[in-house]
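In: What would the 3D arrangement of this be:
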Amino acid sequence: MNNVYFENVIQVGKLYLEHVFYEFESEPILFSCVDEEKNLYLCLCSEIRYGQRWIIAKCSIDTLEAVVDGQIDIASAFLRTPNVIAINMDMQGQEESCIIETDQIDRLDLPKEGTYLRCDREKAKEYLGKKESKRFVRDLKPMMDAGQTMFYSSVVNKVEMRIGTNNYSIKKAEYMNSLVEAVKSTMAIKAEYSIHPKERYIETTEKIDIGRTDNNNYLQAA
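Out: The predicted model follows:
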């Protein structure tokens, strides 16, 4: 990875830009980053006056899907975490970061309640589908290397079940189906392993104004 976006983030280190959901005048406003360990973060540029300020929350692929699908508003993606990271950069490009507990977040740093994301949904879905595919392969590979065929079957069944739900886009289903078929082709399940245990699923110059407060207004893609 060579697309470093933030340096020396507190308790994180470097963050690498992955996908821009919304930008303004070529400046990423709402975007995702990953750290060296591939942990995922949602980032929001909330200030561009005399420097810049970002609010960053560690998140999951499911959270990003919910934002892209309009199931939750943008602020909720940040408020559902126990804490966030605030990064300030002065006019000389010096960065400082700190951790803020969720209940201490200045709400002026976040979009107003009811501000939903509108972006290039096809590109966003493609990005999330690739992320899901990579996670699937990464999680499955150690078990595949160990030859645990019962685990293969359990995972394949679970993924196929998820593909059948409305939460998965057509593109994501295509990605996941190709992976499932690849896994199936490597399986050599013997008769004594034919029983599959069921799993129990226990503003432009001052503040960036990215939407009005009513639920029918959406963040317009640049």
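
In: What about residue 36, how many residues nearby?
Out: 11 (other C-beta atoms under 10 Å). Where you see a C-beta, it was placed from the backbone N, CA and C, and this is true even at glycine.

In: before we move on, what about residue 104?
Out: The number of residues near residue 104, taken as other C-beta under 10 Å, comes to 9.

In: Residue 110 now?
Out: 21.

In: How about the contacts made by it?
Out: Neighbour list for residue 110: 44, 46, 55, 74-75, 78-79 [criterion: C-beta atoms under 8 Å, 6 or more residues apart in numbering].

In: can you check residue 35 too?
Out: 12-16, 41.

In: One more pass at 10 Å, please.
Out: 1, 6, 9, 11-16, 41, 58 (C-beta atoms under 10 Å, 6 or more residues apart in numbering).

In: Report the buried members of those.
Out: Buried subset of those (neighbour count, 16 or more other C-beta atoms under 10 Å): 6, 9, 12, 15-16, 41, 58.

In: packing partners for the lengthiest strand in the chain?
Out: As assigned by DSSP state E, the longest strand anywhere in the chain is strand 13-24. The contact analysis (3 or more C-beta pairs under 10 Å, 6 or more residues apart in numbering; DSSP states H and E) places strand 13-24 against strand 4-9, strand 27-34, strand 40-47, helix 61-68, helix 121-146.

In: again, 6 Å this time
Out: strand 4-9, strand 27-34 (3 or more C-beta pairs under 6 Å, 6 or more residues apart in numbering; DSSP states H and E).

In: Lowest pLDDT pick from the contacts of residue 110?
Out: Of all the contacts of residue 110, residue 46 carries the smallest pLDDT score, 93.

In: if I look at the spatially closest residue to it that is not a sequence neighbour, how far off is residue 124?
Out: Spatial nearest neighbour of residue 46, excluding adjacent residues (C-beta to C-beta, 6 or more residues apart in numbering): residue 109 at 4.5 Å. Per C-beta to C-beta, to the nearest Å, residue 109 is found 23 Å from residue 124.
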